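My questions are about this predicted structure, shown below with the sequence.
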Amino acid sequence: MLERIINKIWYKKEYFFLSIILLPLSLIYYIFWKIADLYYNFLHKPKKLNCPVISVGNISLGGTGKTPFIIFLIQYFLNKGIKDLTILTRGYKGKKLGVIEDKEGEPDEARLLKKLFPEIVVLANPKRHEAFLNYYSNKKLPQIVILDDGFQHRRLFRDLDILMIDGYLNFGNGYLFPAGPLREPRKSMKRADIIIIKRLDGEDKLIFEKPMFYFNIQDVIIKNKEDIKISKELLKNKKITAFCGIANPEGFKKTIIMTELSIENFFAFPDHYNYTKKDIDTLLGTDCDAYITTQKDWVKVSYLWPEKKELYVLIPEFTINDRDGFERILNEKICFS
């Protein structure tokens, strides 16, 4: 309920009077941010990891496509023969931090990355520099480190700073938290080396002075519980309930529409939601033929889901425009070893 109200205030620009009421708190937030900004600009020297670091982050709260883009980056490097990759994440809302092994209680995104790419190292800890040094104290350093949600983590030096923007949500009402979704003022975007816009509506709306690339869905695939790809034609005549617990459920709904499947019910749980048996019973109470969710949610519901009930995972496959230009910047910024 609270998330729906916040979404209306921040992105649908409803309840305008509530935004005005919250502006004094945003001013206080700005003062604290400005103090931190001055500290990082003039007093703090970022720590280096002695290997190339790519940061992927945003300046707004909620989903902007960081995880899909990190998946894209990992696959890109693996295809280039760069196998020694490490993901550093703060482990938001994870009960179990440290070296991620794809186990219950670990942070959502970190667990998903480990599940998809078991050969890479995923470290979850708010003290990312410390976690990295501890793990690699007696090991060979990785070829590439990807810093997840790293735009505000200015303690670490990065060779390439990537800023993600959702082309559908944009910057919402443009206010700082809590009156709006911004984690810091838009002028902070000057710190970024490149800007990646995940757009779902197919329209060029945003123009910035930094190099820009569009990150779009080129295809949608569906997998069953056994991780086997199936044809969407098999679901065409079935009654389907879709559900997710992500920051931008509207994005997931738009992706479903691309599949031309008939969705009877759609449930949007809070971001990073921990499902219970009661939630599963509620979903199954819709009495549909099949159920469909996201990769991140599948990781969290798989151990609760009844074996006889059909559950499918909708996986968007992304592509980036001007791939040559993107590779050129990568090669300029990163020294591959």
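Structure received. Numbers count the residues shown, from 1 in each chain.

for the protein, what's the longest strand?
Longest strand of the chain, by residue count under DSSP state E: strand 212-223.

for it, which positions count as buried?
M212, F213, Y214, F215, N216, I217, V220, I222 (16 or more other Cβ atoms under 10 Å). Quick note: C-beta positions are derived from backbone N, CA and C, even for glycine.

ok, now stretch 138-147?
For stretch 138-147, using 16+ other Cβ under 10 Å, the buried residues are P142, Q143, I144, V145, I146, L147.

CA atoms of it as CSV?
Listed in CSV are the C-alpha atoms of stretch 138-147, where the atom choice follows Å, rounded to 0.1, in the frame of the first residue of the first chain:
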residue,chain,number,x,y,z
ASN,A,138,45.9,-15.0,-1.0
LYS,A,139,44.3,-15.3,-4.4
LYS,A,140,45.1,-14.0,-7.9
LEU,A,141,43.2,-10.7,-8.5
PRO,A,142,40.3,-10.8,-11.0
GLN,A,143,40.5,-9.4,-14.5
ILE,A,144,37.5,-7.2,-14.0
VAL,A,145,35.5,-6.0,-10.9
ILE,A,146,31.9,-4.9,-11.4
LEU,A,147,30.6,-2.6,-8.7
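
Distance from it to the middle of the chain?
Distance of stretch 138-147 from its chain centroid, counting by Cα atoms, centre = their mean, to the nearest Å, is 21 Å.

Average pLDDT for that stretch, rounded please.
Stretch 138-147 carries an average pLDDT of 96.

what's next to that stretch, contact-wise?
49-57, 70, 73-74, 77, 82-88, 121, 128, 132, 136, 153, 156, 158, 334, 336-337 (Cβ atoms under 8 Å, 6 or more residues apart in numbering).

can you tell me which of these are in strands?
If you go by DSSP E, these have V53, I54, S55, V56, G57, L85, T86, I87, L88, V121 in strands.

pretty sure the fourth one contacts F72?
No: contact between V56 and F72 fails when scored by Cβ atoms under 8 Å: they sit 9.9 Å apart.

which element follows the helix or strand hosting I9 toward the C-terminus?
Secondary structure assigned from DSSP states H and E places I9 in helix 2-10. Counting by DSSP H and E, the next helix or strand C-terminal to helix 2-10 is helix 16-42.

I'd like to know the average pLDDT value across that next one.
On average, helix 16-42 scores 95.

Run the chain-centre distance for that helix.
24 Å.

Could you give me the buried positions within that helix?
S19, L22, S26, Y29, Y30, W33, D37.

Would you mind pulling up the elements that it packs against?
Contacting helix 16-42 under the criterion 3 or more Cβ pairs under 8 Å, 6 or more residues apart in numbering; DSSP states H and E is no other helix or strand.

Convert stretch 82-102 to CSV, retaining C-alpha atoms only.
The C-alpha trace of stretch 82-102 is given here as CSV (Å, rounded to 0.1, in the frame of the first residue of the first chain):
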residue,chain,number,x,y,z
ILE,A,82,37.5,-12.7,-19.9
LYS,A,83,36.6,-15.3,-17.3
ASP,A,84,37.9,-14.0,-14.0
LEU,A,85,35.1,-11.7,-13.0
THR,A,86,34.0,-10.4,-9.5
ILE,A,87,30.8,-8.7,-8.5
LEU,A,88,31.0,-6.4,-5.5
THR,A,89,27.6,-5.5,-4.0
ARG,A,90,26.4,-4.1,-0.7
GLY,A,91,23.9,-7.0,-0.3
TYR,A,92,20.8,-4.9,0.3
LYS,A,93,18.2,-6.7,2.5
GLY,A,94,20.3,-9.8,2.5
LYS,A,95,20.4,-11.9,5.7
LYS,A,96,23.5,-13.8,4.7
LEU,A,97,26.4,-11.7,3.3
GLY,A,98,29.9,-12.6,2.3
VAL,A,99,30.8,-15.0,-0.5
ILE,A,100,27.5,-15.7,-2.3
GLU,A,101,26.7,-19.3,-3.0
ASP,A,102,23.1,-19.1,-4.3
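
quick one: buried residues of it?
Neighbour counts over stretch 82-102 (16+ other Cβ under 10 Å) mark 82, 84-91, 94, 96-97, 99-100 as buried.

Likewise for stretch 302-312?
Buried positions in stretch 302-312, judged by neighbour count with 16+ other Cβ under 10 Å: W305, E310, L311, Y312.

and the gap between the closest residue to the second one other than its chain neighbours and L22?
The spatial neighbour of E310 that comes closest, neighbours along the chain excluded (Cβ to Cβ, 6 or more residues apart in numbering), is A290 at 4.2 Å. As judged by Cβ to Cβ, to the nearest Å, A290 and L22 stand 42 Å apart.
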